[in-house]
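In: Here is the input, now give the coordinates:
(one chain, ligands or ions: 2)
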Amino acid sequence: KILVVGSGGREHVLGWKLARDACAPDLYFAPGNTGTASLGTNIELSADDLDGLAAWASREKPDLTVIGPEAPLCAGIADRFEERGLRVFGPCAAAARLEGSKAFAKEIMESGGVPTARAARFTDLSDAKDYVRSEGVPIVIKADGLAAGKGVTVCDSVEQADAALDAALTEKVFGEAGASVLVEEFMEGEEASILALVDGTNFVLLASSQDHKRALDGDAGPNTGGMGAYSPAPVVTDELWPIIRNDIVLNTIAELSRRGIAFRGVLYAGLMISDSGPRVVEFNVRFGDPEAQCVIPRMKSDLVPVLNA
Ligand code: AMP
Ligand code: GLY
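Out: Ligands and ions are numbered 1, 2, ... in the order given. Here you go, the predicted model:
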């Protein structure tokens, strides 16, 4: 009996794969969608309703719960389930900060020796604007917290950077999530996504993928969380894998564990691949959506044993 939390294409493909597992699980989705309804039972509970989900799971006792989206993970759903003795796939809140706070992620990368863009953190508007002027453009302004994929502005001019800083620090358009910002070096290159299944210490890497970021055909229009995806990403060549494995994924898990934080779940590394090698753009703490939709169907092994491990 498996509960999948979330309502996207990601949760549909997780269900699709789980339904094909040798153990033939009974599947429940909270809240699920039209696709998941054909694979199991949709429950009327939102992915953010931690109390409702914990109560349902305490009563119905799923053998495993798989968390799709980041918001419940950052809010501590894995901790809540574990306190109740329920098996859950997804990191605890302390580890989910890798996605929930870009400043925390940057700190982990800097102390762990993980290749990434140079960045500085600001809460003061004029300090941030001075820094932009000393660094020059292009430059990237990022709200520290979760902003539903809208917290990042790639700025080609100082005026655009000023506007992004005003919006976050003065107008507070991202609320608390933008009360602190990172001002980050612009990285040239092509992006790719890497998903690692991590048990706290050991990990396996899934196939590479890439999502189509722009909203419109021909790579035009605004940036999105991904309009579609494909796998493998040809930009991830054979010689990059040892760097991804050792410098990026291993160093990140090891740095967290030095701080007493065990990462269990999916570590998603969003990479920028340039002539100087791969560098981390962002970490997510869950399967990518839409990336999961092209990576998971390629998996030859069953998913349940890996998630249990
Ligand atoms: P994030 O939410 O951090 O993934 O940022 C959203 C998008 O902004 C990324 O997928 C990139 O396309 C772009 N971006 C973020 N940081 C940088 C950077 N340092 N250099 C270039 N592009 C970036
Ligand atoms: N496709 C980007 C993400 O899942 O965050």
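
In: Could you tell me which residues of the chain lie near ligand 2?
Out: Within the chain, the positions adjacent to ligand 2 are Asp211, Gly225, Gly226, Asn284, Gly288, Asp289, Glu291 by C-beta under 6 Å from any ligand atom. C-betas here are computed from N, CA, C, even on glycine.

In: I'd say the fourth one and Glu99 touch.
Out: I take that to be Asn284. Yes. Look at Asn284 against Glu99 with C-beta atoms under 8 Å: they come within range, at 4.9 Å.

In: Show me the helices in the chain, by range?
Out: With helices called from DSSP state H, the chain shows them at 9-19, 34-37, 50-60, 70-74, 77-83, 93-100, 102-112, 125-135, 158-165, 241-242, 251-258, 291-295, 304-308.

In: got the contact list for the closest residue to ligand 2 within the stretch 101-250 of the chain?
Out: Minimum separation of the stretch 101-250 of the chain from ligand 2 (C-beta to the nearest ligand atom) falls at Gly226, amounting to 3.4 Å. Contacts here follow C-beta atoms under 8 Å, 6 or more residues apart in numbering; on that basis Gly226 touches Asp211, His212, Lys213, Gly288, Asp289, Pro290, Glu291.

In: does Val266 really touch Arg286, like I thought?
Out: Yes. At 5.4 Å, Val266 counts as touching Arg286 under the criterion of C-beta under 8 Å.

In: just to revisit the earlier point, shared neighbours of Asn284 and Glu99, which are they?
Out: Common contact partners of Asn284 and Glu99 (C-beta under 8 Å, 6+ apart): Glu70.

In: could I get the helices of the chain as a markdown table with distance to Ile194 and mean neighbour count?
Out: Formatted as a markdown table, the helices of the chain follow (distance: least, C-beta to C-beta, whole Å; neighbours: other C-beta atoms under 10 Å):
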| stretch | distance to Ile194 | mean neighbour count |
| --- | --- | --- |
| helix 9-19 | 16 | 22 |
| helix 34-37 | 26 | 16 |
| helix 50-60 | 29 | 15 |
| helix 70-74 | 17 | 24 |
| helix 77-83 | 22 | 20 |
| helix 93-100 | 14 | 23 |
| helix 102-112 | 14 | 20 |
| helix 125-135 | 28 | 15 |
| helix 158-165 | 28 | 19 |
| helix 241-242 | 9 | 12 |
| helix 251-258 | 11 | 18 |
| helix 291-295 | 9 | 25 |
| helix 304-308 | 16 | 16 |
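
In: can you redo those as a markdown table with distance to Ala196 and mean pLDDT?
Out: Putting these into a markdown table (distance: least, C-beta to C-beta, whole Å; pLDDT from 0 to 100) gives the following:
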| stretch | distance to Ala196 | mean pLDDT |
| --- | --- | --- |
| helix 9-19 | 16 | 98 |
| helix 34-37 | 25 | 98 |
| helix 50-60 | 25 | 98 |
| helix 70-74 | 15 | 97 |
| helix 77-83 | 17 | 98 |
| helix 93-100 | 12 | 97 |
| helix 102-112 | 14 | 97 |
| helix 125-135 | 31 | 96 |
| helix 158-165 | 31 | 96 |
| helix 241-242 | 12 | 98 |
| helix 251-258 | 8 | 98 |
| helix 291-295 | 12 | 97 |
| helix 304-308 | 12 | 97 |
